[in-house]
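let me see the structure of the following:
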Amino acid sequence: MRACVRARARACVCVGAKYSRYSDREADHRQGPSLVGELPLPLHGANRRFGFKMVEEFVKGNRKLAEYVKTFQSFCESDKQWKARMEFLLRNIEAYPDPDQIDHLLALSMVWANHVFMGCRYSDELLDRVNGMAEGIEVEDAPHFTTRDAVMKQQR
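Numbers count the residues shown, from 1 in each chain. Coordinates of the predicted model:
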């Protein structure tokens, strides 16, 4: 199983913590969510809508949580993708306090990142959920994807 995880990580199939660059510590992510209860998280209510500058300030004040979240960065993610996904994780980590739920949050963050940056399609229900979780995250220079059906409509 571990060899399979590493092979997938090298191929940049980045879904969840098991495919991060820290795959040698794939079970370590189960240790961190207790940090969520220890740290004040100003990520709810009016403060949920903030840009990356506020994320950087939040990270400076919450080093333990920042280091914990950083373990989920994939080696195949660009800085732009990681910053956006880190903001997604920081905004939503308090809703997933149980260590067993972190994989679910990571999967949702990858669904959102894959949809935004690679144009992957998912069910409407899933996209509605992750887009709601990512509401207010602004991605500069996000790629624009056109489906074959949209191109065919334009040509008519």
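
at which residues are the strands of this protein located?
Counting by DSSP state E, one finds no strands in the chain.

now stretch 72-87: mean pLDDT?
If you average the pLDDT over stretch 72-87, you get 90.

now it: buried residues?
Across stretch 72-87, burial judged by 16 or more other CB atoms under 10 Å covers 72-74, 77, 81-87. Heads up, the C-betas are built off the backbone N, CA and C, glycines and all.

CA atoms of stretch 114-121 as PDB?
Taking Å, rounded to 0.1, in the frame of the first residue of the first chain, the C-alpha atoms of stretch 114-121 are listed here in PDB:
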ATOM      1  CA  ASN A 114      -9.000  20.400  -9.000                       C
ATOM      2  CA  HIS A 115     -12.200  22.100 -10.100                       C
ATOM      3  CA  VAL A 116     -10.800  25.700  -9.900                       C
ATOM      4  CA  PHE A 117      -7.300  25.000 -11.300                       C
ATOM      5  CA  MET A 118      -7.700  22.000 -13.600                       C
ATOM      6  CA  GLY A 119     -11.300  22.300 -14.700                       C
ATOM      7  CA  CYS A 120     -12.300  18.900 -13.300                       C
ATOM      8  CA  ARG A 121     -16.000  18.200 -13.200                       C
END
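
let's number from 30 now, not from 1
Okay, using 30 as the starting number, the last item reads as stretch 143-150.

ok, residues contacting that stretch?
When contacts are defined by CB atoms under 8 Å, 6 or more residues apart in numbering, stretch 143-150 is touched by residues 109-110, 113, 140, 151, 156, 159, 163, 168, 171-172, 174.

now with 10 Å?
With contact meaning CB atoms under 10 Å, 6 or more residues apart in numbering, stretch 143-150 is reached by 43-44, 106-107, 109-110, 113-114, 117, 139-142, 151, 155-156, 159-160, 163, 166, 168, 171-176.

list the buried ones in that stretch?
Buried, per 16+ other CB under 10 Å, within stretch 143-150: 143-146.

and those residues, which is closest to residue 91?
Minimum distance to residue 91 across those is 24.8 Å, recorded for residue 145 (CB to CB).

and the gap between the closest one and residue 128?
From residue 145 across to residue 128, the span is 27 Å (CB to CB, to the nearest Å).

what does residue 99 give?
Counting by CB to CB - residue 99 and residue 128 are separated by 17 Å.
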